[in-house]
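Participant: what's the 3D shape of this:
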Amino acid sequence: MRLDAHWMPFTDNKAFKHEPRMLASASGMYWRTAGGDQVLDMTAGLWCCNLGHGRKKVAEAMFESAQKLDYAPSFGFGHAAAFELAERLAELSPGHLNKVFFTNSGSEAVDTALKMAMVYQVARGKPGKKMFIARERAYHGVNLGGTAAGGLNYNTRDFGRWAAVDHISSTLDIEHNAFSKGLPEYGIEKADELENLIDFHGAENIAACIVEPIAGAGGVIVPPVGYLQRLREICDRHDVLLIFDEVVCAFGRTGAFTASIKFDVRPDLFTSAKGLTSGTVPMGAVVCSDSLYETVTAARSGIEFCHGYTYSAHPIACAAALACLDIYLEESLFTRAGEGIGQYLEHILHNLKDLPRVIDIRNYGLLGAIQFEEAGANEEPLGVRVFRQAWNNGLMIRGLGSTIVISPPLIVEETHIDEFAEKIWQAIKAVSPG
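Facilitator: Residues are numbered from 1 along each chain as shown. Predicted coordinates:
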């Protein structure tokens with residue numbers, strides 16, 4: 001098989017094609033490589049396979065849908081599964097968030113949420129509110145709106161920013177919060193930067209503030225105690241919408257259906273994807289408040305929101321999501337990360353703090369990160385080197401510069417965490433024996 005025709009996303013293509021990592025099958029907590037080796041999945045694929053791999057019930061639901069209704073257009077037409085799924089998601093969401101708009105990815109969900117915020121401001125007679133406040137080290141997907149809102153410079157260096165966005169500081173503060181377990185104590189005052197930026201740009205120009213409750217691709221950055229609540233208070237005070245990007249956090253990752261429920265902070269909109277179908281088929285969603293929806297639909301006749309996708313609410317994706325919801329509820333997986341297994345992961349992670357060049361360990365629910373010292377001149381980032389060595393040891397993690405992150409499927413057991421600990425210990429010692 002030739003590898004040269006495929007331009008791979010977010011990949012060092014030259015390096016990969018020199019030494020490919022090819023996956024052939026998956027079941028439960030494990031991948032099987034093309035060479036037949038077993039690899040422990042401590043990333044849930046890409047933050048998404050929350051139910052583990054190879055769920056027969058989900059595959060059967062998709063197969064049955066494909067036979068009965070392979071496709072249905074969503075512009076001016078509907079099908080029963082889309083309305084059933086929307087209703088079930090609304091029931092699970094915080095009280096006033098009852099309207100669901102389907103997309104095909106987290107990136108699309110973010111761009112949809114940004115456009116919803118703008119059309120809402122237009123509908124209420126405030127068309128000047130087109131600007132957004134986001135956060136440094138944030139990842140909001142790779143479409144133009146999400147790229148502009150994102151706070152990872154390497155994602156914008158070639159493209160610029162196609163929207164009016166300013167950024168408050170990340171809450172990462174290793175000096176004061178290194179090796180915090182769960183929510184760090186220090187840093188609530190960082191939320192006040194939002195008020196400063198609103199004063200600087202003028203509330204009359206700002207549509208919304210968008211943040212991840214826990215920053216994922218930025219390195220699993222957990223918010224300080226009270227920080228998200230203060231963002232909510234500032235947004236309310238200045239008539240600015242609050243958007244939570246829950247593409248990583250939703251569907252049980254933090255120990256509740258959404259992080260907004262876990263942290264008891266109610267956004268005006270939240271995005272989701274990934275865990276919605278447990279990675280089996282692309283799908284995303286934006287859930288917004290009743291008042292936002294009613295304001296927009298009351299302001300215009302005809303098509304109120306000129307936005308959507310060919311594959312919005314695709315029947316096969318809806319079938320997969322409905323089957324996944326059944327499993328989440330049957331196995332009590334929305335809350336599992338907040339119980340004993342999350343505490344066990346925390347314990348094991350923090351036992352690694354004395355390994356060479358480790359400067360911080362962060363965790364919440366079934367999310368974790370180990371951060372290393374910055375690489376020296378002409379040295380490859382340690383997180384990347386640990387990632388590669390871990391793969392050779394039969395372990396999949398993510399290497400993000402000087403940080404490695406984990407987000408195991410919600411079905412993870414203590415034995416899997418023990419296996420992770422042994423293999424990551426070996427990988428770190430192998431690449432940094434000091």
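Participant: count of residues packed around the closest residue to residue 139 other than its chain neighbours?
Facilitator: In space, and not counting its chain neighbours, residue 139 is closest to residue 217: 3.7 Å by CB to CB, 6 or more residues apart in numbering. C-betas here are computed from N, CA, C, even on glycine. Neighbourhood size, residue 217 [other CB atoms under 10 Å]: 24.
Participant: enumerate every residue touching residue 217.
Facilitator: Contacts for residue 217 (CB atoms under 8 Å, 6 or more residues apart in numbering) come out as 139, 152, 248, 400.
Participant: if you set the cut-off to 7 Å instead, what comes out?
Facilitator: Going by CB atoms under 7 Å, 6 or more residues apart in numbering, residue 217 touches 139, 152, 400.
Participant: out of those, which one sits closest to residue 20?
Facilitator: When the contacts of residue 217 are ranked by distance to residue 20 (CB to CB), residue 400 comes first, at 20.8 Å.
Participant: in the one helix or strand residue 14 maps to, what's buried?
Facilitator: Residue 14 belongs to helix 13-18 when assigned by DSSP states H and E. Buried residues in helix 13-18, defined by neighbour count with 16 or more other CB atoms under 10 Å: none.
Participant: after that helix, which helix or strand is next? Please name it.
Facilitator: strand 23-27.
Participant: neighbouring strands of that next one in the sheet, and parallel or not?
Facilitator: strand 30-33 (antiparallel) (DSSP bridges).
Participant: partner strands of the helix or strand following the strand it pairs with and their direction?
Facilitator: For strand 30-33, the following helix or strand on the C-terminal side (DSSP H and E) is strand 38-41. Strand pairing for strand 38-41, using DSSP bridges, gives strand 30-33 (antiparallel), strand 395-396 (parallel).
Participant: adding mean neighbour count, distance to residue 258 and mean pLDDT, write the ones you listed out as CSV.
Facilitator: What follows is the strands paired with strand 38-41, written out as CSV (neighbours: other CB atoms under 10 Å; distance: least, CB to CB, whole Å; pLDDT from 0 to 100):
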stretch, mean neighbour count, distance to residue 258, mean pLDDT
strand 30-33, 17, 28, 98
strand 395-396, 22, 26, 98
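Participant: where does the residue of the chain most remote from its centre land on pLDDT?
Facilitator: Relative to the centre of the chain, the most outlying C-alpha is that of residue 301, 35.0 Å out, by CA atoms, centre = their mean. At residue 301, the model reports a pLDDT of 93.
Participant: for stretch 382-390, give me every contacting residue.
Facilitator: Residues outside stretch 382-390 that contact it (CB under 7 Å, 6+ apart) are 357, 372-373, 375, 397-404, 423-424, 427-428, 430-432.
Participant: take the residues you listed and keep only those in strands.
Facilitator: Judged by DSSP state E, the subset of those located in strands is 372, 398, 399, 400, 403, 404.
Participant: partner residues bridging the fourth one?
Facilitator: Pointing back at residue 400 there. Going by DSSP bridges, residue 400 is paired in beta bridges with residue 403.
Participant: surely it meets residue 216?
Facilitator: No: in this structure, residue 400 is not within contact of residue 216 by CB atoms under 7 Å, at 9.5 Å.
Participant: between these two, who's got more neighbours?
Facilitator: Between residue 400 and residue 216, counting by other CB under 10 Å, residue 216 is the more crowded of the two (25 against 21).
Participant: the nearest residue to the more buried one once chain neighbours are set aside: which element?
Facilitator: The shortest distance from residue 216 to any residue other than its chain neighbours is 3.8 Å, reached at residue 248 (CB to CB, 6+ apart). Using DSSP H and E, residue 248 sits within no helix or strand.
Participant: residue 262 too?
Facilitator: Secondary structure assignment for residue 262, by DSSP H and E: helix 259-263.
Participant: next structured bit after that helix?
Facilitator: Later in the chain than helix 259-263, the nearest helix or strand by DSSP H and E is strand 269-272.
Participant: which helices and strands sit right next to that next one?
Facilitator: For strand 269-272, the elements it packs on are helix 106-123, strand 241-245, strand 284-289, judged by 3 or more CB pairs under 7 Å, 6 or more residues apart in numbering; DSSP states H and E.
Participant: quick one: the second one to strand 284-289, angle?
Facilitator: Note on geometry: by axes from the mean of the first three to the mean of the last three CA atoms, to 10 degrees, strand 241-245 and strand 284-289 are set 150 degrees apart in direction.
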